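**Student:** Attaching a predicted model along with its sequence, questions to come.
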4 protein chains.
Amino acid sequence: MSLPNVKRPKRAGWRRPTQRRARQTVEAILDAVVKVLKRDGLKAVTTNRIAEAAGVSIGSVYQYFPDKQAIFVALHRRHIDDIDRLVATTLVENANSSLEDLIRSMVEAITDAHTVDPELYHMMFSEVPHRAEGTKDFTVRFRGAFRLALAGRVDELGKARDLDKLVFVVTHMVESLCHGAALRRPPGLSLTDAKEEAVRAIVAYLRV
Amino acid sequence: MSLPNVKRPKRAGWRRPTQRRARQTVEAILDAVVKVLKRDGLKAVTTNRIAEAAGVSIGSVYQYFPDKQAIFVALHRRHIDDIDRLVATTLVENANSSLEDLIRSMVEAITDAHTVDPELYHMMFSEVPHRAEGTKDFTVRFRGAFRLALAGRVDELGKARDLDKLVFVVTHMVESLCHGAALRRPPGLSLTDAKEEAVRAIVAYLRV
Amino acid sequence: MSLPNVKRPKRAGWRRPTQRRARQTVEAILDAVVKVLKRDGLKAVTTNRIAEAAGVSIGSVYQYFPDKQAIFVALHRRHIDDIDRLVATTLVENANSSLEDLIRSMVEAITDAHTVDPELYHMMFSEVPHRAEGTKDFTVRFRGAFRLALAGRVDELGKARDLDKLVFVVTHMVESLCHGAALRRPPGLSLTDAKEEAVRAIVAYLRV
Amino acid sequence: MSLPNVKRPKRAGWRRPTQRRARQTVEAILDAVVKVLKRDGLKAVTTNRIAEAAGVSIGSVYQYFPDKQAIFVALHRRHIDDIDRLVATTLVENANSSLEDLIRSMVEAITDAHTVDPELYHMMFSEVPHRAEGTKDFTVRFRGAFRLALAGRVDELGKARDLDKLVFVVTHMVESLCHGAALRRPPGLSLTDAKEEAVRAIVAYLRV
DNA sequence: CATGAATGAGTGTTCATTCAT
DNA sequence: AATGAATGAACACTCATTCAT
């Protein structure tokens, strides 16, 4: 249920069975939320239904989460961690790429990640409170990643540009256009074209 | 509770008291939603609370709305109509302006509209299902407005551009950057600078 | 369900239907608690069961009581008010009686009041928090009643007695012996004999 | 957690470690109930909380008690055994005392025993069903003790008295007045005075 | 024997909705 | 039309109890 193209490294180290089991249960619960959500819609996502879909008792759910809200927050964190890892990976893998290639890789990766599960993301944003812990951190890290990427490519940017402004605009463009390409494309515009146009727009802005 | 800088024309013509009264009640209910939402948060927005805050009985609420969802949809529509009007007005007022001036006016208007009530808009968008009727219409009209604006300024655009792609990217940029400038500015970036940078980015893209 | 030998005066005055109805519902709920308790035991006294037994919906129960605890408190108050009235009435009715006759009337009245419903009183004392508002007041009023009764009969009391001590002991004796006569009589001791012996004990103490 | 002034004799004899351990665990559990009760109130007394406070696993609790109720019954029994011992000891120690001195010793002992832990005793009596096995035995033994004491002092009693009635009234007076002196004294009445007045009342009754 | 994760029936409570007045 | 008391399905959550390890 997590992003398919995100490598979630399995620790080689040994874990006490209890902890492994616990981790499995938590994952099962988070997966169950997505499962129920997609199968029966947001209103059907009740704690008892989650438990049932996860194959555990409702009591067990409350062994791992203090309340319903906490489940959504955890789900949110998992998503954020996925995207985080995606961004970091893309950044590293494109250390020697041109600015355009980096942007293209980034747009491809993020767009594809969101192609999977439209309704899920809507729910997560509607259930998880705004200033939830992990969210702010993510914004900071997201901006940090782009600042890093741009700082190392000053020669490819327009002259005398203010990095703060660049980062502000670029992060919003990436997020919005990837989201749009994946979920809000107008009829008649292919996914491929949408992504390419997004890249073109971002690059154009950076080069001015 | 609607956008302050949007002119909501009052019909001069006469209406049967009943209809005027009905309109007033509907408005009172929608305003009550906003009031409760801002004062006590999303979870406190119950139909009974809405009725109370609107100064009408719960029975009256159901006289005007078939169910709770419908109230949110109406609220959403009201906001959308405001923005719609804003866009149309800006378009008309800048009929003879340069592309850059048009974009600037648009960014200013939309950003300012969202500066008023940050939390409100997020909640509204998260509560009402995205594919709700009114939203789609808005997207269509929003795109239509920009298509119109761009189609009349082909000479200011880059050569051989596909209007569909342009509209797709521009609408997303406007929405995202205005939203970002109003609600998600990083510390150290002023509202003025954010808006100006947004304009620069959009214009840069259009001119490539 | 209230004490049968307590006159609960019906106001002659007019009440708005709403308020009369409300009062009826509240009474029905309190009666329902007693009903369920006696029929199925303490563990069966759930809010839903109370509602069912009262012939109202669970929602209505929560219209009149903020939570389950409040129902027990109200029941407690009702009982206390009954006993209160009982004591006051007995006091007045025996204004001209001898000390012994007054004590006898008091013992009779209170004992008989508790003969009705043993399990009920146990539950009430176990569910309602100790220092609940009305309880303290009752103790004060109970003591006040006896202080009044004794202060007017100093010639029938032992010489140079301290009223505070008399009241302390007498109130405890009355409460305990009436309770005991009604609920904890040893086999072979009739209710009549138990009451008479209680009277003898109390009078003996007062005359020393 | 048991009464401090009650000597709980430690058997000199040898026991298999298992049994000693078992006894210790049972005691730890009962003490844990009291601990949780006093610290967090009746509602917090859950089996898991008891286990935690006792420093044993929930499984172990169920090794020694068939269900939750049984824990309360055992706790009750422990208290009753303490009081029982107290009464017996006082009786023996006052074998040659006058009636008044015996009553005084009894009142002192029982009152002091309850001075320690007001809230505890009330909760215990309200939680455990009144007709629980151990309780009845206690009542029988309590009455037996006083019957014995009074039977040996007929010359100090009023003439032609019925022992059954005497015992009924005296046991209730002792219990109620000791309880009252310890827990429900009115402001302005000292513990010493309350006890002495209780003695005076009981003796007065017995001598009539 | 000890453990404590797992269980799930059952609880108190909420709130969108109805309808007699 | 307007009212608001009444409804009751549905929910989040608890906790006594079990049992595999």
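**Tutor:** Cool, got the structure.
**Student:** Kindly state the domain boundaries assigned to chain A.
**Tutor:** Following automatic domain parsing, one gets these domains for chain A: A:16-65, A:68-207.
**Student:** of those, which approaches B:Leu150 most closely?
**Tutor:** Checking these against B:Leu150 by Cβ to Cβ gives domain A:68-207 as the closest, at 13.9 Å. From N, CA and C alone the C-beta is placed, and that goes for glycine too.
**Student:** quick check: mean pLDDT across that closest one?
**Tutor:** Looking at domain A:68-207 alone, the average pLDDT works out to 90.
**Student:** Tell me if it is near DNA strand F.
**Tutor:** Yes. Residues of domain A:68-207 are located near DNA strand F by Cβ under 7 Å from any atom of the strand, namely A:Lys68, A:Gln69.
**Student:** contacting residues around the strand or helix carrying A:Glu52?
**Tutor:** The secondary structure element spanning A:Glu52 is helix A:47-54 (assigned by DSSP states H and E). Contacts with helix A:47-54, where a contact means Cβ atoms under 8 Å, 6 or more residues apart in numbering or on different chains, come from A:25, A:28-29, A:31-33, A:35-36, A:40, A:57-58, A:60-62, A:68, A:71.
**Student:** Same list (the domains of chain A) but as a markdown table, adding mean neighbour count.
**Tutor:** Putting these into a markdown table (neighbours: other Cβ atoms under 10 Å in any protein chain shown) gives the following:
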| stretch | mean neighbour count |
| --- | --- |
| domain A:16-65 | 16 |
| domain A:68-207 | 17 |
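**Student:** Tell me where chain A has helices.
**Tutor:** Assignment of helices within chain A using DSSP state H yields the ranges A:17-40, A:47-54, A:58-64, A:68-93, A:99-115, A:118-127, A:133-151, A:163-183, A:191-207.
**Student:** chain center to the fourth one, what's the gap?
**Tutor:** Remark: helix A:68-93 is offset 5 Å from the chain centroid, using Cα atoms, centre = their mean, to the nearest Å.
**Student:** which one is the residue positioned nearest the centre of chain A nearest to, not counting chain neighbours?
**Tutor:** To find the centre residue of chain A, average its C-alpha atoms and take the closest one (Cα atoms, centre = their mean): that gives A:Ile83, at 3.3 Å. If you skip the residues right next to it in sequence, A:Ile83 has A:Ala113 as its closest partner in space, 6.6 Å away by Cβ to Cβ, 6 or more residues apart in numbering or on different chains.
**Student:** list the contacts for the residue nearest to the centre of chain A?
**Tutor:** So, once contact is read as Cβ under 8 Å, 6+ apart, A:Ile83 ends up touching A:Leu3, A:Ile110, A:Ala113, A:Phe138, A:Phe142.
**Student:** for DNA strand E, what are the nearby residues on chain A?
**Tutor:** Residues of chain A found near DNA strand E, taking Cβ under 7 Å from any atom of the strand as the criterion, are A:Thr18, A:Arg21, A:Ala22, A:Thr25, A:Asn48, A:Val56, A:Ser57, A:Ile58, A:Gly59, A:Ser60, A:Tyr62, A:Gln63.
**Student:** Show me which of those is closest to chain C.
**Tutor:** A:Asn48 (17.7 Å; Cβ to the nearest Cβ).
**Student:** How much space separates A:Ala54 from A:Ile80?
**Tutor:** 21 Å (Cβ to Cβ, to the nearest Å).
**Student:** If you could redo that for A:Lys68, that was the one I meant.
**Tutor:** To A:Ile80, A:Lys68 is 19 Å away according to Cβ to Cβ.
**Student:** Over to A:Lys38?
**Tutor:** Looking at A:Lys38 against A:Ile80, where the rule is Cβ to Cβ, the gap reads 20 Å.
**Student:** And A:Val140, by the same measure?
**Tutor:** A:Val140 is 12 Å from A:Ile80, where distance means Cβ to Cβ.
**Student:** Over to A:Val45?
**Tutor:** Using Cβ to Cβ, one obtains 19 Å as the distance from A:Val45 to A:Ile80.
**Student:** Same check on A:Ile29?
**Tutor:** The separation that A:Ile29 has from A:Ile80, given Cβ to Cβ, amounts to 17 Å.
**Student:** A:Ala88 now?
**Tutor:** For A:Ala88, the distance to A:Ile80 under the criterion Cβ to Cβ works out to 12 Å.
**Student:** Could you do A:Ala22 as well?
**Tutor:** Between A:Ala22 and A:Ile80 the computed distance is 21 Å (Cβ to Cβ).
**Student:** Kindly report the same for A:Met124.
**Tutor:** Relative to A:Ile80, A:Met124 is positioned 9 Å away (criterion: Cβ to Cβ).
**Student:** what do you get for A:Asp67?
**Tutor:** Computed with Cβ to Cβ, the distance linking A:Asp67 and A:Ile80 is 20 Å.
**Student:** before we move on, back to that, for the contacts of A:Ile83, which one is nearest C:Asp164?
**Tutor:** Once Cβ to Cβ is applied, the member of the contacts of A:Ile83 that ends up nearest C:Asp164 is A:Phe138, at 71.1 Å.
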